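Q: Sequence and predicted model, in that order:
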Amino acid sequence: ASLVFILAVSVGTTKAELTDSCLACMCYASSEGCHMRDPPCTNDGWGDVCGPWGITPPYWMDGGYYGGDFYSCTSEWQCSESTVRGYLARYVTDPTAHCEAYARTHVGGPWGAHQDWTLTYWNKVKYCLENNLVTPPPKGD
């Protein structure tokens with residue numbers, strides 16, 4: 001019985017990890033090849049969507065308010081990446097989560113992993129992963 005308890009404790013303390021390839025393919029799917037948008041923001045009819053991961057102001061806030069302000073942050077690679085990592089660390093809490101959960105949460109919000117409409121985005125990310133189209137974002141910008 002103690003072995004089961006130890007196993008349960010160790011499983012309970014593990015945390016899923018957002019891999020660099022998953023993050024890069026989410027960027028690839030969000031900006032047609034993982035490019036800094038020029039201009040950095042576009043309005044999709046609902047509001048501004050900015051940076052290579054297509055971040056919105058509420059997403060930036062939930063991701064940790066990096067970079068001082070939304071527009072400065074989403075104009076920089078590292079700040080945009082930190083925001084995405086912060087957002088996904090907050091909302092993807094399943095310790096067995098894989099790239100699909102991260103990608104669908106990224107595009108669909110806290111409940112996006114369970115919404116049918118987020119499958120289109122996931123399929124773009126999956127295509128990138130399966131075809132090794134990963135283009136890691138530049139570091140240090």
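A: Now that the structure is in, tell me what you want to look at. Because the structure is predicted, anything quoted here is derived from the model rather than measured. Numbers count the residues shown, from 1 in each chain.
Q: Identify the residues contacting the nearest residue to residue 54 once chain neighbours are set aside.
A: Using CB to CB, 6 or more residues apart in numbering and skipping the chain neighbours, the partner closest in space to residue 54 is residue 30 (4.2 Å). Using the backbone N, CA and C atoms, a C-beta is placed for each residue, glycine as well. Residues counted as contacts of residue 30 (CB atoms under 8 Å, 6 or more residues apart in numbering) are 52-54, 106-107.
Q: repeat that for 10 Å
A: Neighbouring residues of residue 30 by CB atoms under 10 Å, 6 or more residues apart in numbering: 37, 49, 51-55, 80, 84, 103, 106-107, 121, 124-125.
Q: Out of those residues, list just those in strands.
A: residue 49 (DSSP state E).
Q: And the contacts of residue 30, which is closest to residue 25?
A: Among the contacts of residue 30, residue 125 lies closest to residue 25 (CB to CB), at 4.6 Å.
Q: Tell me how many other residues surround the closest one.
A: Other residues lying near residue 125 total 27 when counted by other CB atoms under 10 Å.
Q: Can you give me the distance of residue 108 to residue 119?
A: Shown here: residue 108 relative to residue 119, a distance of 10 Å by CB to CB, to the nearest Å.
Q: out of those two, which sits in the busier spot?
A: Taking other CB under 10 Å, residue 108 and residue 119 do not tie; residue 108 has more neighbours (18 against 15).
Q: For that one, which non-adjacent residue is spatially closest?
A: Nearest to residue 108 is residue 118, by CB to CB, 6+ apart, at 3.9 Å.
Q: And the helices in the protein?
A: Here the chain has its helices, by DSSP state H, at 2-12, 20-30, 57-63, 70-74, 77-91, 99-108, 119-130.
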